[in-house]
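# Take a look and give me a structure for this.
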Amino acid sequence: MLKRVQNALLTTAVLLLASACASTEPAGSTIEPVPTATQESNPVDSAQPTPATRSEPIIRADPEPVAADDAWINIATVGGLDSIAVEHIQNTLALHDIPVGIGGSVMYGVQVPASKAELAAQLLRNDPLARAHVHWQPPRPASESPVELLEAPRAYAELLEEHPAGTSLGGVLRHDYVAEKVEFAPRVTSIQRTTLPYRAVDGSFQDGFAFKIVMKQADGSAAALVDANFQVWADGAQVTFQGGSAAGAAAGVTAD
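Residues are numbered from 1 along each chain as shown. Next comes the predicted model:
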């Protein structure tokens, strides 16, 4: 009996001692875990592009100059209000010595020389930032390089007689822009043509053309100068003016 009482007292003393030791720890204290070497203090979502994950552009070691007669073609479009995307595309292509023209209204066309179109499209398609903003369209290949149609300067009236309405060049010569400049620049000094194949309404493939025409004053001088670009298809029935320039008398400027 006495032994059982002694054991009970000993057990009670042990419990009281453990309780007293626990009461000496500050209230609410915790032991902070020690971070391991594999823990990251600022984890980053690996799916998002970061400077560490973006591939740096490879600058071509053998840039080639663009020929003066190299046709410019459209390889893509980008939103007209997306100024940052436009800046990014211009600078990306510039790193590879690729000139680029970007312009339009609601949507901007991205134009590059035909000789560099394949490389430019590849660079932009491989660029994660460009892919997010650009609408792609395959380059339309020209079937030939620009061809000079005149062996020597000709009078506009002669060419008009030789190329009637219903022909591609005839459609260009009769366009309002050309007709209104003839008074000042009746001598045609150059006509360049580039063939642009397309699919017609009936499903067949036809040849459309891009024309560049240069006209000067009757004596061949540049006192009046007209440089105009057109696209023609449907055997000359469809003609669109693609822009041009006029100088001197053809632009309404007269000498003092």
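# Read off the pLDDT value for residue 119.
Looking at residue 119, its pLDDT stands at 91.
# Give the buried residues for the helix or strand harbouring it.
According to DSSP states H and E, residue 119 maps onto helix 117-125. By neighbour count on 16 or more other CB atoms under 10 Å, the buried set for helix 117-125 is 117, 120, 121, 123, 124. The way it works is simple: take the backbone N, C-alpha and C, and place the C-beta from them, glycine included.
# Out of these, flag the one nearest to residue 77.
Closest approach to residue 77 among the buried residues of helix 117-125 (CB to CB): residue 124, at 11.6 Å.
# isn't that closest one right next to residue 132, touching?
No. Counting by CB atoms under 8 Å, residue 132 is not a contact partner of residue 124; they are 10.9 Å apart.
# follow-up on the earlier one: just the CA atoms of the next helix or strand after the helix holding residue 119, as PDB, please.
Using DSSP H and E, the helix or strand that follows helix 117-125 in sequence is helix 128-131. Taking Å, rounded to 0.1, in the frame of the first residue of the first chain, the C-alpha atoms of helix 128-131 are listed here in PDB:
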ATOM      1  CA  PRO A 128       7.500  35.100 -78.800                       C
ATOM      2  CA  LEU A 129       6.600  38.800 -78.500                       C
ATOM      3  CA  ALA A 130       6.000  39.300 -82.200                       C
ATOM      4  CA  ARG A 131       3.800  36.100 -82.300                       C
END
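# Against which helices or strands is helix 128-131 packed?
Judged by 3 or more CB pairs under 8 Å, 6 or more residues apart in numbering; DSSP states H and E, the packing partners of helix 128-131 are helix 83-94, helix 117-125.
# CA atoms of the helix holding residue 119 as CSV?
Taking C-alpha atoms only, helix 117-125 is exported to CSV below (Å, rounded to 0.1, in the frame of the first residue of the first chain):
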residue,chain,number,x,y,z
ALA,A,117,10.8,38.3,-96.9
GLU,A,118,11.5,34.7,-96.0
LEU,A,119,14.1,35.6,-93.4
ALA,A,120,11.9,38.4,-91.9
ALA,A,121,8.9,36.1,-91.6
GLN,A,122,11.0,33.4,-89.9
LEU,A,123,12.5,35.9,-87.4
LEU,A,124,9.1,37.2,-86.4
ARG,A,125,7.5,33.8,-86.2
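# Please work out the angle formed by the directions of it and helix 83-94.
Here helix 117-125 runs at an angle of 130 degrees relative to helix 83-94 (axes from the mean of the first three to the mean of the last three CA atoms, to 10 degrees).
# Report the contact partners of residue 245.
Residue 245 is in contact with 225, 226, 227, 228, counting by CB atoms under 8 Å, 6 or more residues apart in numbering.
# circling back to that earlier point, how about the buried residues of helix 117-125 in TSV, adding distance to residue 207?
Below are the buried residues of helix 117-125 laid out as TSV (distance: CB to CB, whole Å):
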residue	distance to residue 207
117	20
120	25
121	24
123	31
124	29
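# Of these, which is the nearest to residue 152?
Residue 152 lies nearest to residue 117 out of the buried residues of helix 117-125, by CB to CB, at 33.4 Å.
# is it true that the closest one touches residue 70?
No. With contact defined as CB under 8 Å, residue 117 does not count as touching residue 70 (10.0 Å).
# can you give me the strands for the protein?
Secondary structure of the chain by DSSP state E: the strands cover 72-79, 101-104, 107-113, 134-136, 147-148, 154-155, 187-199, 205-216, 224-233, 238-248.
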